[in-house]
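**Student:** sequence below, structure please.
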Amino acid sequence: MQIRNGEDLISLCREKKLPIHQLMLEYECFKSGKEPAAVYEEMRSHLLVMKKSVYQGLNEKLTLKGKIIGGEAKKLQRRSQNAKPVCGYTMSRAISFALSVTEVNAAMGRIVAAPTAGSCGVLPGVLFGLAETFELQEDRQVEGLFTAGAVGLVIAKNASLSGAAGGCQAEIGSASAMAAAAVVEIMNGSPEQALHAGAIAIKNLLGLVCDPVAGLVEVPCSKRNVVGTANALTAAEMALAGIESAIPFDEVVTAMYQVGCALPPTLRETSEGGLAVTPTGRRLKKEILG
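**Tutor:** From the prediction side, this is the model:
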């Protein structure tokens, strides 16, 4: 079994009459030589780590390395408890979860890099935000992770998941595409709709630079996880409504790769450009690093 790109993914789904998550389970068994139950349990273990990190930042006092973020997840949670959220309950909970995971990461806690530590909040934020609203069973969430993994696999093979290689579009953009596709399949959309959601999500964040202040995965990374979370949910909503990406998924991924290559090194995780070199960015760096 070979999955080189999105076209291969869709062709195999059609040929085998399977959704993406079931095809990905077969693929992982084929590649690893493991039994389906073992592969499934491994993915379930990732979900449980995500679940802990989602609530840890909301319920515990964390000691963050740079101390330039912290407590934002709790602020969003309090607002959703005390006022009607402007963006709706599902979105409000999802973005508070995303912030929580990024704060756990900044505190050197245990997270799942999905696909990277810098974008670790998007997928769990989306999955557990959706789970609360729709009372999703654990197996549906695990299926979502397999779908997300398939999209991440295609991106990794044809572009990059690294901010140092392709800017933050490669991290938050990829995470958002993975989460959008997962939502579509969880909500019983087709494989084709899942990839349309992924394409829309990437297009919305095309060109996003990587400019961490003081070289830490805190500012602006944490709040970009919120943007990626919201973007994934809206991209999925559009795809489920039958809206298609005018540019096919594989072409979008290629464009992301080309844009990443065109970004100057100052905007690819070197902290030598963008927000990192603003007066405040420089001041924070001096305060943190000396």
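
**Student:** which positions within the lengthiest helix in the chain qualify as buried?
**Tutor:** When the chain is parsed with DSSP state H, its longest helix is helix 36-59. Buried residues in helix 36-59, counting neighbours by 16 or more other C-beta atoms under 10 Å, are found at 39-40, 43, 46-47, 50-54, 56-58. C-betas here are computed from N, CA, C, even on glycine.

**Student:** just stretch 70-77 next, same as before
**Tutor:** 70, 72-74, 76-77.

**Student:** related to what we said a few turns ago, who are the packing partners of the longest helix of the chain?
**Tutor:** Here helix 36-59 touches helix 20-32, helix 72-82, helix 89-106, helix 122-134, helix 138-158, going by 3 or more C-beta pairs under 8 Å, 6 or more residues apart in numbering; DSSP states H and E.

**Student:** next, the angle helix 72-82 makes with that helix.
**Tutor:** Computed by axes from the mean of the first three to the mean of the last three C-alpha atoms, to 10 degrees, the angle separating helix 36-59 from helix 72-82 equals 80 degrees.

**Student:** and the helices in the stretch 101-250 of the chain?
**Tutor:** 122-134, 138-158, 163-166, 172-186, 191-204, 221-240, 249-262 (DSSP state H, counting those that start in this stretch).

**Student:** next, name the residue at the spatial heart of the chain.
**Tutor:** In the chain, the residue lying closest to the centroid (C-alpha atoms, centre = their mean) is A175, at 2.5 Å.

**Student:** contacting residues around that residue?
**Tutor:** Residues counted as contacts of A175 (C-beta atoms under 8 Å, 6 or more residues apart in numbering) are 114-116, 119-120, 122-123, 225, 228, 232.

**Student:** now with 10 Å, please.
**Tutor:** 98, 113-116, 118-126, 148, 151-152, 155, 161, 201, 205, 224-225, 228-229, 231-232 (C-beta atoms under 10 Å, 6 or more residues apart in numbering).

**Student:** the longest helix of the chain relative to helix 122-134, how many degrees between them?
**Tutor:** Computed with the same axes, to 10 degrees, the direction of helix 36-59 lies at 90 degrees from that of helix 122-134.

**Student:** mind exporting helix 36-59 as PDB, just the C-alpha atoms?
**Tutor:** Extracted C-alpha coordinates of helix 36-59, given in PDB (Å, rounded to 0.1, in the frame of the first residue of the first chain):
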ATOM      1  CA  PRO A  36      -4.900  -3.500  14.300                       C
ATOM      2  CA  ALA A  37      -5.700  -3.700  18.000                       C
ATOM      3  CA  ALA A  38      -2.100  -2.700  18.900                       C
ATOM      4  CA  VAL A  39      -2.000   0.200  16.400                       C
ATOM      5  CA  TYR A  40      -5.400   1.400  17.600                       C
ATOM      6  CA  GLU A  41      -4.300   1.200  21.300                       C
ATOM      7  CA  GLU A  42      -1.200   3.200  20.500                       C
ATOM      8  CA  MET A  43      -3.300   6.000  18.900                       C
ATOM      9  CA  ARG A  44      -5.700   5.800  21.900                       C
ATOM     10  CA  SER A  45      -2.700   6.400  24.200                       C
ATOM     11  CA  HIS A  46      -1.900   9.600  22.300                       C
ATOM     12  CA  LEU A  47      -5.500  10.800  22.700                       C
ATOM     13  CA  LEU A  48      -5.300  10.200  26.500                       C
ATOM     14  CA  VAL A  49      -2.100  12.400  26.700                       C
ATOM     15  CA  MET A  50      -4.000  15.100  24.700                       C
ATOM     16  CA  LYS A  51      -6.900  14.800  27.100                       C
ATOM     17  CA  LYS A  52      -4.800  15.300  30.100                       C
ATOM     18  CA  SER A  53      -3.000  18.400  28.600                       C
ATOM     19  CA  VAL A  54      -6.300  19.900  27.500                       C
ATOM     20  CA  TYR A  55      -7.600  20.100  31.100                       C
ATOM     21  CA  GLN A  56      -4.200  20.400  32.900                       C
ATOM     22  CA  GLY A  57      -3.700  24.000  31.800                       C
ATOM     23  CA  LEU A  58      -7.200  24.900  32.900                       C
ATOM     24  CA  ASN A  59      -7.100  23.200  36.300                       C
END
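
**Student:** much appreciated, bye for now.
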